[in-house]
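Participant: pasting the sequence and the predicted model now:
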Amino acid sequence: MNKLEKLKAQRKALDAEIERLEKSERWKPNELQDYFTVEDFVSESSWRDDDIDKERYATFNVFKIKEEAKAIDRYQRVFRQLHDFAKRFNGKFNNDEYYFIISGIDKNAVIESSNLGYSSSDVKFSSEEIAEQAKESIDKEDLLFYLNFNSSDYAG
């Protein structure tokens, strides 16, 4: 391999590394650039680098595109509904007792039980009946969206 071929190979490797790093960098608006945020609804704001912007950024509440903010809003709304249902109706848990979660399998919401750890984002129910009632209390499309949510599908 001559020097030119080596340099081209190195450039190709560097270009791939630059692209990987650019994709992994968290997006932050430039001064006066518009962005979206989720409060009780999705809203648009302009970045001024003030305390409000900094707080939103620190809490991962700054989105480049409206679709991403809307997806996060929808996911959080379903999570809050499930969490509220569990808080109102769950009985007590013992450390060695099974609990129930709602999970998405093949575009269906199913109830699973375990006494093993699940993701911290799973809402745990103290009985299968309560989990089933919670599942039925949420719009099916919203629930399946929540169960199959992947934020990278909406990243701008």
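Facilitator: Great, that's in hand.

Participant: just the element for residue 13, please.
Facilitator: Per DSSP states H and E, residue 13 falls inside helix 3-24.

Participant: which element follows that helix toward the C-terminus?
Facilitator: strand 34-38.

Participant: what mean pLDDT does that next one have?
Facilitator: With pLDDT averaged residue by residue, strand 34-38 scores 96.

Participant: what comes into contact with that strand?
Facilitator: With CB atoms under 8 Å, 6 or more residues apart in numbering as the test, strand 34-38 has contacts from 29, 42-47, 56, 61-66, 68-69, 72-73, 76. Where you see a C-beta, it was placed from the backbone N, CA and C, and this is true even at glycine.

Participant: how does it look with 6 Å?
Facilitator: For strand 34-38, contacts defined as CB atoms under 6 Å, 6 or more residues apart in numbering pick out 29, 42-47, 56, 61-63, 66, 69, 72-73.

Participant: then stretch 77-92?
Facilitator: Outside stretch 77-92, the residues that touch it by CB under 6 Å, 6+ apart are 123, 125, 126, 130, 134, 138, 142, 146.

Participant: what comes up buried for the lengthiest helix in the chain?
Facilitator: Secondary structure of the chain per DSSP state H: the longest helix is helix 66-89. Neighbour-count burial for helix 66-89, counted by 16 or more other CB atoms under 10 Å, picks out 66, 68-75, 78, 81-82, 85-86, 89.

Participant: quick one: which of those is nearest to residue 4?
Facilitator: Within the buried residues of helix 66-89, proximity to residue 4 (CB to CB) peaks at residue 68, which comes in at 42.9 Å.

Participant: just give the closest residue to the closest one, not the sequence neighbours.
Facilitator: Taking CB to CB, 6 or more residues apart in numbering as the measure, residue 68 lies nearest to residue 154, with 3.9 Å between them; neighbours along the chain are not counted.

Participant: from residue 88, how far out is the one you found?
Facilitator: For residue 154, the distance to residue 88 equals 30 Å [CB to CB, to the nearest Å].

Participant: again with residue 125
Facilitator: Relative to residue 88, residue 125 is positioned 11 Å away (CB to CB).

Participant: nearest to residue 14, of the contacts of stretch 77-92?
Facilitator: Proximity of these to residue 14 (CB to CB) peaks at residue 146, which lies at 40.2 Å.
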